Structure formats: structure tokens, C-alpha cells
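Novice: attaching a predicted model along with its sequence, questions to come.
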Amino acid sequence: KKGFAYRQEAAMNEKYKMRLGKFLILILAAAGILWISMFFLRQYTARESVASGSARIVYGTSSYTRPDKSHLATDRETNIEYIDNELLAWKRDDMPENEFKAYLEEHHMEIVGKMSSISLYQLRLEGTYSYERLMELAAQMTEQKAAKSAGPNITCGIVSGSRSEETGSVGTEALEWLPWGLQAVEMEGAWSLTKGIEKKINVGVLDTGFFTEHEDLVFAETPLANSLYDEDGKIESHGTHVAGILAASSDPDKGICGAIPLDQRNLYGASVFGMRIDRDRVDFMGLGTALNYLIAQKNCSLICFGKEEMIKEMNGENPNGEALVPRLEELLEGFLEKGCDFVICKAAGNQKEVDASWDPFAAIESPRVRERILVTGAAAGEDGRLFLADYSSPGQRVDLAAPGGIEDDIISTGVQPGFFQIPQSGFVGMSGTSMAAPYVSGAAALVWLADPELTGAQVKEILCDTADIPLENCSGRKLLDAAKAVETAINEKNK
């Protein structure tokens, strides 16, 4: 009996184990299916956010409607890419709003976007038009004094400003609270000179997208049109990385230190990923919306533009690049006319065979705008040496250099896919002129804090005049010296 009972109990245990094993297999299979579903859902969602077309963005009294990608067209004569059912028009200051709207209604034009600060309107037309016909309609608006300026809504490209195809995670044990880049540009000296200044400065970053839940980053509000995913549905760290170089929290317990102390800045962001029309394209109204949000609405004195996408437009005889220059010039002149001063710190680019002046921002000729755009090259450090990085785009338009690194040695905040592809905080290494731009932006912010009466042009002049830290392989442009720049601003103020 005992043997029978033992065999019966063993058989029951075996059945129990088999059932438990099957149950566990089902659980693992379900988890696997859920993981795969979440992965593809996130990729699909990211792609759909681009493909879904007319997403409307409202910010304050301004707005923007993303064009549908089906309306992307290329002019046969000029090869300019444009939106075939839209015009952009600057309303005349002396024209009443009701008369302007009456004109638009008469000509079957609908307002789908507006930059209130400079009276720039995004107009949608019935049907589709050739580029030549849109130019004729724009000329007609100015001739009939309905607009002081008008033209088609052209496009520009989005490509990464980092040299890194993939960025690996950096463990917290390997982090330096004061990264080598901040040490190289004497940022601690600048902090000591501005310590005790209670005023805050608004700074903006225009980049891919931002992980706002990162414990080492504090944004004043959710970035405009924020999106973390690239055109293939993959998480992109570029914008988060640039924002960290500029404004990480300065708390040793959370990671790294940014260029501007937490208590002296308000950080804003605008995501080009959230405004793209199709994969690597964004329309001019979308780009202008990002700048309008940061400069005119949030009063950001410093704009860090870490992307090098604009070089794509000018390199290779792309006519959109040439068409962009006067549009950008008019847009930025408009902000200045309305009393919105700024400095834009722009990455020079990572193509050593391409002159930095090919970039449409760098190519602007208007003196008032040009003297507020600071083109930044990349410096690298190795074995105590400082030198100009061999990938940094050259040319007379490069104003100065700042740490851009080599071999992904600029460590900053990042975002990585976690369990079920849910984004999570991390620290990653990158290199490129994108990484150099936020160092200059931070120094510019501290100069402006030291003397708020300075103009944007004067801030740029001080930064360039005091950039005298030598680079081994460069007799021309030298490295940013943040401490000397702030000291100069204070001395000039006290004269």
C-alpha cells in the first residue's frame, strides 16, 4: 500500500510539474508576443505620426498645421521641393485683420497656421498648384497690398548632427560630474563670476526630440511637438544629449553637470521630429514655428541649434538651400523688428570636405542677423592635448570651436529602450559639432546674465574676441574661453 501510495503521489507530482511547465511556457509565449507587439506598435505609431498628415499645433496665440505628405511636390524647372497647396504670407502691418481675412476668403485661401509675433500666415488653397503658379499668386498678394511678402512653403531636410551611428550606454560609475569639455573651456571660472546672480535666462534647444522624464534634465514645460522617434520608429537620443550638455541639473547624485547652473536658466525645447512631413523632411513653416515658439513666445535669448540638417540643403547643388536663405533672413529680421533679440549657436557640420558657409543659417548676409548667428566648430582632447577635430567643417564662417570630441567621448544625458521598448533614462557618448554648440550656448547665456543690457551681437562679439585657448593644429579659430568671456562682459559693464 505504501508503494502504491508513493507511486500515485509521484504521478500526481509529475502531472503537476507538467501543467506548471505548460503554464509557464504559455506565460513566456504571451510575454514574448506582447513584447513583439509593443515593439512594432511603437514603430508603427512613430511612422504614423509622420504619415498621418495634418496634425495641428497650437501654442499661445500662434498655430501650425503640418502639411500632408501627399502634397510634397518638386518643381520641374527649378527642382525646388515645396507644398503644392500652400502659401506663406506676411500681412502688412497697416492692413486691418478683417480686411486681410476678407481678401483670403475672396481668393479661397484658408488660414491653417499663424505666427502672431510677426504676422506670418500659413495659407491653404483649394486644389494643387505648380511652383510657378504659387509664385504668381504670391506676387499678386503683394501687388494688391494684401501682404508685404509672400511665397510657397518650401521644405528642408533633417539629418543627424552627431557622427555616431549608434551610442552605447555609459554606466553611472564611469560618469564625471564635471565633464572634460566643461573643464577645457574654463566653465567653472565663468560660474564663479556669475555666482549670486538671481536672474534666470531662458534658453532653447531646437533638435530631434527630448526625453523629459530624464532625472538629470528639467524643462520649464513640455517641448513643442515633442517626439523621441526617428523615421524608422527607433528611439533617438540626439536632442536629449545636446540638452544635457547645455543644462543637466548640476546635481552630483543625478549624473553630470550642464553648462548653465540649474538655478540660473529656464530650459525650453522644440522638436523637429514632431513637425516633419515625411521621414527626413520638414516644411519652412514648421521650422519657423519652432523658432517662433522659442524666440518670440518663450523669450529664449539663446537658441542652441545642434543639428546640421541645413548643410544637406546646400551641399550637392540642392536648390532648396538657396531658396531657404532669404526666407530665414526675413523670418529672423522679423523677430528683431519686434524687439526679440537672440543669439543662435549653430553646429558647423561634420563634413570636412564641405565649407561651413554652405549652411543656410551661415549663408545669411543681413548684417543684423549674421552678427547674431555663431557657427561652432568641434575641438577634441586626447592625452592633455586640444586640437581641432578632423571631421569639423572648415571655412571662414566658423567663428570659434568648442568640445565636440572624438570616439564618442562627450558623455551626456540620453534615452534608451527599456523593457517592452519603454524609454528610460541613461547616459550616452557622442561626438560631433552638435556637441560643441551647447557649450557655446551655455557660455553665451552666462555672458548675458553678467550684463543683461548687451545685445545679441555684442554677446557674440565678446565670445569670439575672448576665444583664445590655442588648438594644436589650428592657427585660425581657437577654443571658447567661458571664464574670460564673462569677465570681459563684467569689466565692460563696470566701465
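Specialist: Done, it's in.

Novice: quick check: closest non-adjacent residue to Glu213.
Specialist: Spatial nearest neighbour of Glu213, excluding adjacent residues (CB to CB, 6 or more residues apart in numbering): Ser425 at 7.0 Å. C-beta: built from backbone N, CA, C; applies to glycine.

Novice: so where is the stretch 301-450 of the chain shaky, pLDDT-wise?
Specialist: In the predicted model of the stretch 301-450 of the chain, residues 307-318, 419-421 satisfy pLDDT under 70.

Novice: buried set for stretch 418-437?
Specialist: By neighbour count, and taking 16 or more other CB atoms under 10 Å as the criterion, the buried residues in stretch 418-437 are 421, 423, 425-437.

Novice: show me which pair in those residues is furthest apart.
Specialist: The span of the buried residues of stretch 418-437, defined through CB to CB, is set by Gln421 and Ala436 at 31.3 Å.

Novice: what is the residue nearest to Glu213 paired to in the beta sheet?
Specialist: Per DSSP bridges, the residues bridged to Ser425 are Val415.

Novice: what residues are up against it?
Specialist: Phe211, Glu213, His214, Glu215, Asp216, Thr413, Gly414, Val415 (CB atoms under 8 Å, 6 or more residues apart in numbering).

Novice: can you tell me how far it is from Cys340?
Specialist: The spacing between Ser425 and Cys340, counted by CB to CB, to the nearest Å, is 34 Å.

Novice: also Asn320?
Specialist: Remark: distance between Asn320 and Cys340 (CB to CB) = 26 Å.

Novice: one more: Leu463?
Specialist: Distance, Leu463 to Cys340, by CB to CB: 20 Å.

Novice: okay, the two: which has more neighbours?
Specialist: Leu463 (28 against 21; other CB atoms under 10 Å).

Novice: element containing the more buried one?
Specialist: helix 456-466 (DSSP states H and E).

Novice: what number of residues lie near the closest residue in space to Glu231 that isn't next to it in sequence?
Specialist: Excluding the flanking residues, the one nearest Glu231 by CB to CB, 6+ apart is Arg279, at 4.0 Å. By the criterion of other CB under 10 Å, Arg279 has 14 neighbours.

Novice: try the one 5 residues further on
Specialist: Here the neighbour count serves as a burial measure; for Phe284 (other CB under 10 Å) it reads 24.

Novice: was I right about it contacting Gly157?
Specialist: No - using CB atoms under 8 Å, Phe284 makes no contact with Gly157, being 11.9 Å away.

Novice: list the contacts of Thr142.
Specialist: Neighbours of Thr142 in contact, by CB under 8 Å, 6+ apart: Lys148, Ser149, Ala150.

Novice: out of those residues, which is most surrounded?
Specialist: Counting neighbours by other CB under 10 Å, Ala150 leads the contacts of Thr142 with 22 neighbours.

Novice: tell me which element that one is part of?
Specialist: Element membership of Ala150 [criterion: DSSP H and E] is strand 147-157.

Novice: before we move on, what about Leu88?
Specialist: Here Leu88 is assigned to strand 81-91, by DSSP H and E.

Novice: ditto for Arg19
Specialist: Secondary structure assignment for Arg19, by DSSP H and E: helix 2-51.

Novice: I'd like the average pLDDT over that helix.
Specialist: Helix 2-51 carries an average pLDDT of 58.

Novice: helix or strand right after that helix?
Specialist: As assigned by DSSP H and E, the chain's next helix or strand after helix 2-51 is strand 56-59.

Novice: what pairs with that next one, and is each one parallel or antiparallel?
Specialist: Applying DSSP bridges, strand 56-59 is found paired with strand 62-65 (antiparallel).

Novice: the residue positioned nearest the centre of the chain bridge partners, please.
Specialist: The residue lying closest to the centre of the chain (CA atoms, centre = their mean) is Asp207, at 1.3 Å. Beta bridges link Asp207 to Ser271 when assigned by DSSP bridges.
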